[in-house]
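In: give the three-dimensional model of this entry:
(2 chains)
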Amino acid sequence: MEAVFFYLFAAATLLCGFLVIANPFSRNPVTSAMFLVLTIVSLAGLFVLLHAFFLAAVQVLVYAGAVMVLFLFVIMLLDLQAEERRSFKKLALAGGGLAVVVIALLAHAAVRESPLGTAAPPMVEGSPRALGKLLFTEYLLPFEILSVLLLVAMVGVILLSRKEAK
Amino acid sequence: MSTLQSFLIVSALLFGIGLTGVLTRRNAILVLLGIEFMLNAANLNFIAFWRFGPNPEALTGVMFALFAIAVAAAEAAVGLALVIAIYRHARTANLDAVEELKG
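Out: Sure, this is the predicted structure:
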């Protein structure tokens, strides 16, 4: 059962990922963004298979929710008609596909022989309670630095995207 | 077959797809989407190694992925603001057309 879900989510992730980058039916960036949502959701499914339930929820909330709304806003703010008319660079795409295949073969050859993860995985769950406890004790400093980073990003975004006063 | 190997292969493929997007698409927004893919592939690796690693009670991989998601959100916001600023200046989001800083 778990294997079925693994293949389902992995295939969905990779297929939708490919359709984000090189959709043969539509050149519209909005379509790409929508397929990114599907990719993120199937990736969250893979996280669930790995028992990282909280992270799967965060993935859907932050990526499929917040980041995607941001992307869609910017796509609709800009005039991207030229992108829709542009044709694929066939050679570049073929090279990219070849690179993906080579990476897959290399990864397969590298991890197939290794003794990684042969033992049955222990039944652990990334429970929100344990995560929160760790976040406010052991990882308190990075957590606070991260909040400062988000503040800096927010101020920077406002500064970058406002119109200069003449 | 949900072993560590299979997750690693999926994440390598996802990284390759993201890299392909960054290298072939010339629209700044789609390049940013490719970068998001690569970050997500790294996250998948972190989670897989956490799950199959020797000490999953420490939750290190999950914590790292959590921080990576937050940083990726900040990165996307700043990147898109830069795209807007460039678009306002050059009237295009095509990265090949923005070449004022080229020597």
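In: what's the first helix or strand after the helix or strand of chain A with the lowest mean pLDDT?
Out: Scoring the helices and strands of chain A by mean pLDDT, DSSP states H and E places helix A:81-85 at the bottom, with a mean of 64. Downstream of helix A:81-85, the first helix or strand assigned by DSSP states H and E is helix A:90-112.
In: is the helix or strand following that following helix positioned near chain B?
Out: Next in sequence after helix A:90-112, counting helices and strands by DSSP H and E, comes helix A:128-136. Yes: for helix A:128-136 and chain B, the contact criterion (Cβ under 8 Å from any Cβ of the partner chain) is met by A:Ala130, A:Leu131, A:Leu134, A:Leu135. Yep, even glycine has a C-beta here, placed from its N, CA and C like the rest.
In: name the helices or strands packed onto helix A:128-136?
Out: helix B:60-90 (3 or more Cβ pairs under 8 Å, 6 or more residues apart in numbering or on different chains; DSSP states H and E).
In: burial check on B:Gly18, number of neighbours?
Out: When neighbours are defined as other Cβ atoms under 10 Å in any protein chain shown, B:Gly18 has 25 of them.
In: report the central residue of chain A.
Out: A:Ile40 (5.3 Å; Cα atoms, centre = their mean).
In: quick one: the nearest residue to that one once chain neighbours are set aside and A:Glu138, what's the gap?
Out: Once flanking residues are discounted, A:Ile40 sits nearest to A:Tyr63: 4.4 Å by Cβ to Cβ, 6 or more residues apart in numbering or on different chains. Distance of A:Tyr63 to A:Glu138, given as Cβ to Cβ, to the nearest Å: 26 Å.
In: go on, B:Ile86?
Out: 40 Å.
In: before we move on, back to that, so A:Tyr63 and A:Glu138 - more neighbours on which side?
Out: Counted by other Cβ under 10 Å, A:Tyr63 and A:Glu138 do not tie: A:Tyr63 has more neighbours, with 25 against 14.
In: report the contact partners of the more buried one.
Out: A:Ile40, B:Glu36, B:Asn40, B:Ile69 (Cβ atoms under 8 Å, 6 or more residues apart in numbering or on different chains).
In: run through chain B and note the low-pLDDT ranges.
Out: B:1-2, B:103 (pLDDT under 70).
In: and if we set it to 90?
Out: Scanning chain B with the threshold set as pLDDT under 90 gives B:1-9, B:12-13, B:16-17, B:19-30, B:48-62, B:82-103.
In: need the residues of helix A:128-136 next to chain B in CSV (columns: pLDDT and neighbour count).
Out: Below are the residues of helix A:128-136 next to chain B laid out as CSV (pLDDT from 0 to 100; neighbours: other Cβ atoms under 10 Å in any protein chain shown):
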residue, pLDDT, neighbour count
A:Ala130, 84, 16
A:Leu131, 86, 19
A:Leu134, 87, 18
A:Leu135, 88, 18
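In: need the max-distance pair from those residues.
Out: A:Ala130 and A:Leu135 (9.5 Å; Cβ to Cβ).
In: could you break chain A into its assigned domains?
Out: A:1-79, A:87-166 (automatic domain parsing).
In: distance check, the residue nearest to the centre of chain A against A:Leu8.
Out: Taking Cβ to Cβ, one finds A:Ile40 at 16 Å from A:Leu8.
In: using CSV, list the CA coordinates for stretch B:78-88.
Out: Taking Å, rounded to 0.1, in the frame of the first residue of the first chain, the C-alpha atoms of stretch B:78-88 are listed here in CSV:
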residue,chain,number,x,y,z
VAL,B,78,12.8,39.3,-2.2
GLY,B,79,13.3,37.7,-5.7
LEU,B,80,9.9,38.7,-6.9
ALA,B,81,10.4,42.3,-5.6
LEU,B,82,13.6,42.4,-7.6
VAL,B,83,11.8,41.1,-10.7
ILE,B,84,9.2,43.9,-10.2
ALA,B,85,12.0,46.5,-9.8
ILE,B,86,13.8,45.2,-12.9
TYR,B,87,10.6,45.2,-14.9
ARG,B,88,9.8,48.7,-13.9
